[in-house]
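> Quick one, fold the following:
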Amino acid sequence: MNYKIIKGRIIMNDLINMSFIYYNKALDCIDRNNISGAKENLEKATEIYLKDIDILNLLGICEYYLCDFNMANYYWNKSIRIKNERNIAIDYIDKLKTDEFNSLMNRYNEGLDYFNGEKYEEAIEIFNGLLKSENKFIEIYEIMIVAYLESGDTINAQRYIELLSKMDTGNKSIEIYKGKLLEIKNKIKPIEKEVKIRKSSEKNHKIGNTSVFLIMALLLGLNVVTYTNLQKIKNENLNIKQKLEKSRIEYAELEKENNKFIEENSQNKYKNVILEEQKNAEKYYFNEEYKKSIKEFKKILKNTSDNATKADAIYFIAASETKLGNINEAKKYYKIYVNSYENGTAYDEVLYNYALILNNDNELEKAKEIAMKLRNNYKNSEYNNSKIDSILNK
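Sure, this is the predicted structure:
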């Protein structure tokens, strides 16, 4: 068996194997059209190991189908930051920059405005139109169910509950909707307002004009990702699953250790809070709200004692300051990262960015020193490129 526990710590290869248990469970869920179940398993995978682009990309796809576009954007950008070269997440985001997608989301947001304003007839008309061009948006079915329930149209409510049951077999709201439908049919009591699912206060559906192109769809004629593609992903990763499932006993033992590992870590509420804060701060960065990103990452830097979390926070502060043109602040944080976090996951990228801004700021000798450090220690890095050559040849 591959996994070992050394002085109470599970080594990195075993964390990766553990995360892929949930990844393969997610693929099985997708086979059964259980997108909500796939999302839950992928979230468990990221709790164990957050550096695998296949897991992040597939989680982004699930979030997209579930209409949490901001989280889809978050996971795809996270994936690209880990690996920029030949990463399909780049295609997902690049193909979001069309007028067609912008038009789609304008209609989607218009429908949400009507729905949240309890103008159900208008909302139904818009979302019916959207389903004709894109029938994989799971939340549209949920919105239609609630709109019909609120309107007292039990026939159409029943029809959309059946459609939702096929589109997302593991959706936990299905039984709630069935119960509300039964209440109306039996005239027990009117539909309660709290049944309204995932309104804007709970999840940010609405998209501003500046970020709409970053957090949009995968389908509608561009054929970037379909359910067929998800099956293809499963087939391509079959060799991974076969390696993990050498025997049922070994698989079960590994999962048992993994569940124990998760349970022990879930008790650390402080760590979970920091992780959520980090996700929110990164979303600000990817949405180009750099001042908010800096503010949130500085809070994290102040409150955490975990070196990996500190390193990530410093990276994003430096990168945000660079985007804002605050070069002296950026240099300060890049210097801290270079001197203190040599094992950080973004160390080669930090060396690269630091060398470039030093060079642009006419600190040539320091720029050469940093460029040489990148050249000597990261020979195969994508950041060891012609720009570093140019600095070293001055």
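
> Am I right that Asn380 falls within a helix?
No. Assessed with DSSP: H, G, I helix; E, B strand; the rest coil, Asn380 is coil; it does not lie in a helix.

> Okay, helices next: where are they in the stretch 101-250 of the chain?
All helices of the stretch 101-250 of the chain, identified by DSSP state H, counting those that start in this stretch, fall at 120-133, 138-151, 154-167, 174-185, 227-236, 238-244, 248-266.

> Can you report how many residues lie near the nearest residue to Tyr352 once chain neighbours are set aside?
Leaving aside its sequence neighbours, Tyr352 sits nearest to Tyr383 (CB to CB, 6 or more residues apart in numbering; 3.7 Å). Where C-beta positions appear, they are placed from N, C-alpha and C, glycine not excepted. Per other CB atoms under 10 Å, the neighbour tally for Tyr383 reads 21.

> Over to Thr154?
Neighbour number of Thr154 under other CB under 10 Å is 14.

> ok, now which ones touch it?
Thr154 makes contact with 148, 181, 184-185 under the criterion CB atoms under 8 Å, 6 or more residues apart in numbering.

> Am I right that the residue nearest to Tyr352 is in contact with Arg375?
No. With contact defined as CB atoms under 8 Å, Tyr383 does not count as touching Arg375 (10.0 Å).

> Pull the residues that contact whatever helix or strand Leu59 lives in.
Element membership for Leu59 (DSSP states H and E) is helix 53-65. Helix 53-65 is contacted from outside by 19-20, 23, 26-27, 35, 38-39, 42-43, 45-46, 49-50, 69, 71-76, 78-79, 82-83, 87-89, 92, 136-138, 217-218, 225, 230, 233, 237, using CB under 8 Å, 6+ apart.

> Buried ones among those residues?
For these, a burial check counting by 16 or more other CB atoms under 10 Å picks out 19-20, 23, 26-27, 35, 38-39, 42, 45-46, 49-50, 69, 71-76, 78-79, 82, 87-89, 92, 136-138, 217-218, 225, 230, 233, 237.

> Just the ones of the residues you listed in helices?
Among the buried ones among the contacts of helix 53-65, the ones falling in helices (DSSP state H) are 19-20, 23, 26-27, 35, 38-39, 42, 45-46, 69, 71-76, 78-79, 82, 88-89, 92, 138, 230, 233.

> which element is Gly344 on?
Using DSSP H and E, Gly344 is not contained in any helix or strand.

> Please read the previous query as pertaining to Glu282.
Counting by DSSP H and E, Glu282 is found in helix 269-286.

> Tell me the helix or strand right after that helix.
Next helix or strand after helix 269-286 toward the C-terminus (DSSP H and E): helix 290-303.

> Just the buried positions in that next one, please.
Here helix 290-303 shows 290, 292-294, 296-298, 300-301 as buried, counting by 16+ other CB under 10 Å.

> what do you get for stretch 127-142?
Buried residues in stretch 127-142 (16+ other CB under 10 Å): 127, 130-131, 136-142.

> between the residues you listed, which is nearest Tyr285?
Glu139 (25.8 Å; CB to CB).

> Give me the number of neighbouring residues for the closest residue to the closest one other than its chain neighbours.
Among residues not flanking Glu139 along the chain, Cys67 sits closest, at 3.7 Å (CB to CB, 6+ apart). Residues within reach of Cys67, counting by other CB under 10 Å, total 20.

> and Cys67, that's in a helix?
No. Per three-state DSSP, Cys67 lies outside any helix segment and is coil.

> And it, how far from Glu100?
For Cys67, the distance to Glu100 equals 18 Å [CB to CB, to the nearest Å].

> just Ser36 next, same as before
Distance from Ser36 to Glu100, by CB to CB: 27 Å.

> next one: Tyr378
Counting by CB to CB, the gap from Tyr378 to Glu100 is 40 Å.

> the more surrounded of those two?
Tyr378 (17 against 12).

> out of everything not next to it in sequence, what's closest to the more buried one?
Tyr378 sits nearest to Asp348 (CB to CB, 6+ apart), 4.2 Å away.

> Go through the host helix or strand of the one you found and flag the buried ones.
Taking DSSP H and E as the definition, one finds Asp348 inside helix 347-360. By neighbour count on 16+ other CB under 10 Å, the buried set for helix 347-360 is 347-359.

> Any regions of the stretch 201-350 of the chain where pLDDT drops low?
Within the stretch 201-350 of the chain, the stretches with pLDDT under 70 are 201-274.

> Now do Asn73, the pLDDT please.
pLDDT recorded at Asn73 is 78.

> my guess is it contacts Phe286, does it?
Yes. Look at Asn73 against Phe286 with CB under 8 Å: they come within range, at 6.2 Å.
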